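**Student:** coordinates only, sequence not included:
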């Protein structure tokens, strides 16, 4: 439904551009299968239960729905008017036809019309069906009726009607329709019904009417009435008359063809209405129909959207065609499917029921595909099978269109990596302000040769919350796409409060230095990420002098709380989501990442305890040094006393050494681990993101499945009024499924790339840091040797 | 480590260094080839430790020149008590009795480790277990060593080596089955200790007649308190050192397990890091043990000094008593005379003992300090080499 707007616009525009044409297309489509629906409805006798309730509904709903629909969807009126027009045209044209060729139909229709013109159309239709009085009709209908249960037929009809007309058309056309009121619709409907003057008319009208009534098409009736009442009819008639077609089918054809000004030609060439009917039918049906229905649907939508809204949409040519010659699209598709349809239909088409016949096969074919109830109809099945293949190209086109994007991005990234030249350092942490409002400002200096920056070197001052703000922005933008956004160091109320209070002691200095280093590492990681570097927010952060204050981090209490809830739900859904992983790589990687996370956490705890123990050792060594010094002072042997005081000195130095080592433990090692624990969190987030997109896709698929089922149920229950909605839903969800699947593929690719990149960087980082750490250890050992070597002669000097 | 295990001086390779250290203990004994005592073997049975005391002698007072007897810790205590209670030895520094073997803490640790097995990787666990076993062995060896040192001190003392009880202790080839102190006696000795410390307080007010003892007394009091402090701190230090070493074990184990799922340079590094850690650990624990020995030596010294002081105080007290009891003058004077004589004698031997103790202490300190420094250097150098190897390996990767 979200597509309403654009579609509506596009449609409107289309209408404006070529008033007659597009309208007709839209209209024709609906009325076209509606007749089919009616025909199918005729057949349903076997399902009295289903049908019985329907009549009431139909009757009631006709009026009600009509009103409702109009009220709810005022816009459709116009469009539907067009269909109605077409219907009326058809009706008018059919008059002669019906008289000539289809008496039974006439009868059937006329009876119901007269009887329950205002009442349920279905009833009317049912009667004829049950009667089986009309030979041609029967012929046509009997086949489907007997062989194929009415249910499938209905289904088929429902689907196309809903999807085809309600989703794309109705939505699109809704807007213009506002003029027409619901009442007239009713009247119109009533009128023709009451009149029952023209049997074919009725036929045509009834069919569309009934269908329409049940579904969105009701507007058709209005227009019909109008048309009937007004001159248009006559006008229409004339062209029809003029048309060379002799058979009723021709008439039908003509009318639709008229509506499709251009299509006519092609149709005429084929000379069979089938083309016209098939075209619309096919389009409508095929899209919703196939299991691969998503694609066609999308295409359809896209086509509608594309031309009007964006030319960027996948199926450019189609859309173009749509705009210019809506018929083209149909014809194209029709062409592929037509032959078979024609072949089957041709037999039936001799009679007046041509249009219905043609439609029926389509319907059945569709039905077979969907419900597979009418298995006997092999050829139809084939057709159904053939159909999906036809629309297939479209999705592929779209897929290929979407794929190039990431590729180009990759290329970009590689390029960037190649000439990566960007040094960032954070220096001069400075306290700004006093008391609790004080904060630390850091100088962020950038040195770069990248052309994307204004100058080669520049510095800005940033405070901690700015860094957090940058992360929020980047995370919001890139995490949903599966990117691993490096996380900033955590907020530390304790540490900052100390700094704020202004104690210039060791711990606060250490805290500031630690944070400075962490921020530097964070920023370096961000700019080292090729895609993140391209982000305007990063550039702004590095370059802009007057950075707007990041306030989202200020309101951490509220936002943080929300985030916490989100996280909780995330983890909950994580638990509930049972993703049957299709890609072993991801499964293994995720396990790896999780195991690594655990190990790192463990290691971090241990390194922390190492730092703690070393600090303790340092303190104890200091204590021992003092004690030894005391001992030395009370020692009465001078040499020993000297040696002891020397030992005290050595131990003092050792204390220093241990302290330094502890600092290096924590800076080189613990911080590295802490960084990577945070980073692994981000990695997991990207995996989660992938899982989420997957879940969304699955949900959409389930939803689609459900929608299909409800549609099937509706068809079975013969509730055509809700059919349209169901069809619309299906189209919508099919589009969603395709979209989500694509999203998932994209996110998967990104995650994979990101994880590989992360691993590479991690290995490098670890290597670098660990060498650094080992060197610090080495140094302290060297110092240790020096101290003890200096002490040795002292010890030896004790005599 | 079963309930019954036997440890000889020639234990595993890892303990060789330890062995050397153990042998190089603090006490400088005027080695007299006429009576050589060692404990080559010990048997650990539950909380009882059976030491095999081996004697090699040229003295005619012994029936054989070479013999071994099984002795328990309680036998040592009995010997010590017997010596302390001998009046004649009042003026001597009786070597401190060896401390009761304490296997509780390593056992407890072992138990804890078993409980925590699930939380550790296999590697980590085995490493920790090895560590604990080493620790247990060290405790065991230390125990053996202090008992040995006690006997050696006695054997090297000109007067104490002639003691009858000592000779019986060495020679009697049956189980001594000395009577353990009963409750009353335990209380008695406790009471005696109380009296003694109370005495010390009283005595401290008495003016010292001899400058040497006065000086010695203040020095010893001061020194003992300080060395006590140092010992405590050194123990603390070694404990934290040990903690650091343990951390290294865990870290190396975790790094190892981490390296399993990392394919790149990390893996090699972690292995090397593991080696660093284990080596560091070895070094640290060794250092710790070394410290422990050193401290033990210092403690020995402290005990001896305290003992000497007590002896001295006792003699002083005896003199005072005699003076205070001026009622029975003749008797008192006689007694005083006796006491004076005794005190003089005590003073004399005390002076001698203390002087020799001083010399011994200095020598012991020197030896231990040198050894410690050398060990520190050696380990630091080892570590350096290892670290350098690691760094090169990492860099070349």
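**Tutor:** All right, it came through fine. Being a predicted model, the structure only gives us computed values, none of them experimental.
**Student:** List the buried residues in the helix or strand harbouring residue B:152.
**Tutor:** Using DSSP states H and E, the element containing residue B:152 is helix B:122-156. Across helix B:122-156, burial judged by 16 or more other CB atoms under 10 Å in any protein chain shown covers B:124-125, B:127-129, B:131-132, B:134-156. Yep, even glycine has a C-beta here, placed from its N, CA and C like the rest.
**Student:** Tell me, what's the model's pLDDT at residue A:593?
**Tutor:** The model reports residue A:593 with a pLDDT of 81.
**Student:** Give me the mean pLDDT for the helix holding residue B:152.
**Tutor:** For helix B:122-156, the per-residue pLDDT averages 77.
**Student:** Could I get the average pLDDT for the longest helix along chain A?
**Tutor:** Longest helix in chain A, counting residues (DSSP state H): helix A:720-796. What helix A:720-796 shows for mean pLDDT is 84.
**Student:** what's the answer for stretch A:449-464, then?
**Tutor:** For stretch A:449-464, the per-residue pLDDT averages 79.
**Student:** check contacts around residue A:784.
**Tutor:** A:654, A:657, B:376, B:380 (CB atoms under 8 Å, 6 or more residues apart in numbering or on different chains).
**Student:** same thing but at 10 Å, please
**Tutor:** By CB atoms under 10 Å, 6 or more residues apart in numbering or on different chains, the contact list for residue A:784 reads A:650, A:653-654, A:657-658, A:661, B:376-377, B:379-381, B:383-384.
**Student:** again, but for residue A:778
**Tutor:** By CB under 10 Å, 6+ apart, residue A:778 lies in contact with B:276, B:383-388, B:390-391.
**Student:** wait, which of the contacts of residue A:784 is closest to residue B:221?
**Tutor:** Nearest to residue B:221 among the contacts of residue A:784 is residue A:650, at 27.3 Å by CB to CB.
**Student:** Quick one: neighbours of residue B:68, just the number.
**Tutor:** 16 (other CB atoms under 10 Å in any protein chain shown).
**Student:** Assign a three-state SS to it, would you?
**Tutor:** strand (DSSP: H, G, I helix; E, B strand; the rest coil).
**Student:** what's the spacing between it and residue B:51?
**Tutor:** For residue B:68, the distance to residue B:51 (CB to CB, to the nearest Å) stands at 10 Å.
**Student:** list residues touching both of these two?
**Tutor:** With CB under 10 Å, 6+ apart, residue B:68 and residue B:51 have common neighbours B:39-41.
**Student:** Select only the buried ones of those in ChimeraX?
**Tutor:** Remark: buried members of those, expressed as a ChimeraX selection using 16+ other CB under 10 Å:
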select /B:39,41
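**Student:** The helix or strand containing residue A:526 vs helix A:720-796, what angle?
**Tutor:** In the assignment (DSSP H and E), residue A:526 maps to helix A:506-528. Angle, helix A:506-528 to helix A:720-796, by axes from the mean of the first three to the mean of the last three CA atoms, to 10 degrees: 130 degrees.
**Student:** Return the closest of the shared contacts of residue B:68 and residue B:51 with respect to residue A:621.
**Tutor:** residue B:39 (34.3 Å).
**Student:** The closest one touches residue B:170, doesn't it?
**Tutor:** No - assessed by CB atoms under 10 Å, residue B:39 is found out of contact with residue B:170, at 11.6 Å.
**Student:** Give the residues shared as contacts by those two.
**Tutor:** If you check residue B:39 and residue B:170 against CB under 10 Å, 6+ apart, the residues they both contact are B:53-54, B:68, B:71, B:151.
**Student:** for these, which one is nearest chain A?
**Tutor:** residue B:151 (27.3 Å; CB to the nearest CB).
**Student:** Chain neighbours aside, what residue packs nearest to that closest one?
**Tutor:** residue B:37 (4.6 Å; CB to CB, 6 or more residues apart in numbering or on different chains).
**Student:** in a helix, that's where that neighbour is, yeah?
**Tutor:** No - applying three-state DSSP, one finds residue B:37 to be strand, outside a helix.
**Student:** Helix or strand: which one has residue B:387?
**Tutor:** Judged by DSSP H and E, residue B:387 forms part of helix B:329-396.
**Student:** go on, residue B:49?
**Tutor:** Element membership for residue B:49 (DSSP H and E) is strand B:48-57.
**Student:** in that strand, what counts as buried?
**Tutor:** B:49-57.
**Student:** And for stretch A:664-679?
**Tutor:** For stretch A:664-679, by 16+ other CB under 10 Å, it's A:664-679.
**Student:** where are the low-confidence patches of chain A?
**Tutor:** Applying pLDDT under 70 to chain A flags residues A:1-421, A:435-436, A:493-507, A:546-582, A:799.
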